[in-house]
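Colleague: Predicted model follows, preceded by the sequence.
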Amino acid sequence: MQLNSNVFKGARSARMIWTAVGFFLVGALFVGLGVYFLIAPSDPENQNLVVDFALIGLGGIAVVASVLLMIKAVKNIKNAKPLSEEEVKANEERLSADAPAVENVKDVKLFFHFGGKMNQSYFVDDKQGNRVYECNLTKFNLIGASTYDFVDKSTGYVKTLKIGKTVTSESSGGLPFIGDTMTSRFKIDGVMCWDYLRERGLEIKHLLEGRTVIRYELAKLGKTIAKIVPANVKDPFNEENVNFLRMGKGCYRLEIFDAKLDDVVMAAFIVAHTYMVE
């Protein structure tokens, strides 16, 4: 199952194409009927110009809507295509031009949890309780994007990002946390969060573990590079003690196999910030 993925975008786009085709056929039928009634010979007393033009107008709107929907579907299909390794490397070079070089973190477990101002700041600690990363809310805007500082404590590098509000949250089938697909959209510096990950070659998946617990996986170019597992606040590193009720509230154990810390933290931030499961 996917949290929000290229696969889902492709499936949704296919449905959009069929919907667009349906709109176009209905619109064309209405326009055709309107034109026919308008030009067909008849007793002028029985001709209703209002109905004729209404049919043409409604049909025209349906045709225009079908074209716009088709354009959006084609755009989604294009965006659903995974990036190649060469494209990802080119994006990484472009995106990290002003950032210090950071090596991948391997075989490390960290604790990602929320707190701070209005419970909108997030912190990452190691097993010894040392703070290794912070996502601090620096400016809250009731309308529009809020500002966060993302701070890598090991390098001292700080990047400031504008984080938008969650736009939608939906599930297709089943209960909210067992549906085939869950999506939630907000922008990171003006880029939709899933596209923000995609241009880095990243994708978040979610899977049921046992009967109740969902764990998330971060994949890069199809390979799992980290896990984001709901954690018990009192004992986050206990493998057997997962607090199901904390899901979606920003408390996760990060299991990093081979990934950049910044990528894993951003993935956890997206999962927590979108309030996917409450």
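Modeller: Cool, the structure landed.

Colleague: What ranges does this structure have for its strands?
Modeller: Secondary structure of the chain (DSSP state E): strands located at 2-4, 105-115, 121-125, 131-139, 146-152, 157-163, 169-171, 182-184, 187-188, 191-192, 202-209, 213-220, 223-230, 252-259.

Colleague: Tell me the strands beside the longest one, with direction?
Modeller: Strand partners for strand 105-115, identified by DSSP bridges, are recorded as strand 121-125 (antiparallel), strand 252-259 (antiparallel).

Colleague: got TSV for those strands, with mean neighbour count, mean pLDDT and distance to residue 100 too?
Modeller: C-beta coordinates here come from the backbone N, C-alpha and C atoms, glycine included. Output for the strands paired with strand 105-115, formatted as TSV (neighbours: other CB atoms under 10 Å; pLDDT from 0 to 100; distance: least, CB to CB, whole Å):
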stretch	mean neighbour count	mean pLDDT	distance to residue 100
strand 121-125	21	92	18
strand 252-259	22	94	17
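
Colleague: okay if I get the ones you listed as a markdown table plus distance to residue 195?
Modeller: As requested, the strands paired with strand 105-115 are exported to a markdown table (distance: least, CB to CB, whole Å):
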| stretch | distance to residue 195 |
| --- | --- |
| strand 121-125 | 21 |
| strand 252-259 | 19 |
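
Colleague: Tell me which of these approaches residue 82 most closely.
Modeller: strand 252-259 (17.2 Å; CB to CB).

Colleague: Using the record, which stretches count as separate domains in this structure?
Modeller: 2-80, 85-273 (automatic domain parsing).

Colleague: okay, and for the stretch 51-200 of the chain, where does confidence drop off?
Modeller: 78-80, 116-119, 167-184 (pLDDT under 70).

Colleague: Closest to the centroid, which residue in the protein?
Modeller: residue 194 (3.9 Å; CA atoms, centre = their mean).

Colleague: Name the residues that touch stretch 18-29?
Modeller: 58-67, 69-70, 73 (CB atoms under 8 Å, 6 or more residues apart in numbering).

Colleague: now with 6 Å?
Modeller: With contacts defined as CB atoms under 6 Å, 6 or more residues apart in numbering, stretch 18-29 is touched by 59, 62-63, 65-66, 69-70.

Colleague: For the residue nearest to the centre of the chain, give its distance to residue 188.
Modeller: Residue 194 sits 10 Å away from residue 188 when distances are taken as CB to CB, to the nearest Å.

Colleague: got it, and residue 101?
Modeller: Computed as CB to CB, the residue 101 to residue 188 distance reads 22 Å.

Colleague: Which one's more surrounded, these two?
Modeller: Set side by side, residue 101 and residue 188 show more neighbours around residue 188, with 21 against 6, by other CB atoms under 10 Å.

Colleague: The closest residue to the more buried one other than its chain neighbours - how many residues pack around it?
Modeller: Spatial nearest neighbour of residue 188, excluding adjacent residues (CB to CB, 6 or more residues apart in numbering): residue 196 at 4.6 Å. By other CB under 10 Å, 19 other residues sit near residue 196.

Colleague: same thing with residue 215?
Modeller: Neighbour tally, residue 215, other CB under 10 Å: 19.

Colleague: what's the pLDDT at it?
Modeller: Listed pLDDT for residue 215 reads 79.

Colleague: That one against residue 230, yeah?
Modeller: No. Under the criterion of CB atoms under 6 Å, residue 215 is not in contact with residue 230, lying 7.2 Å apart.
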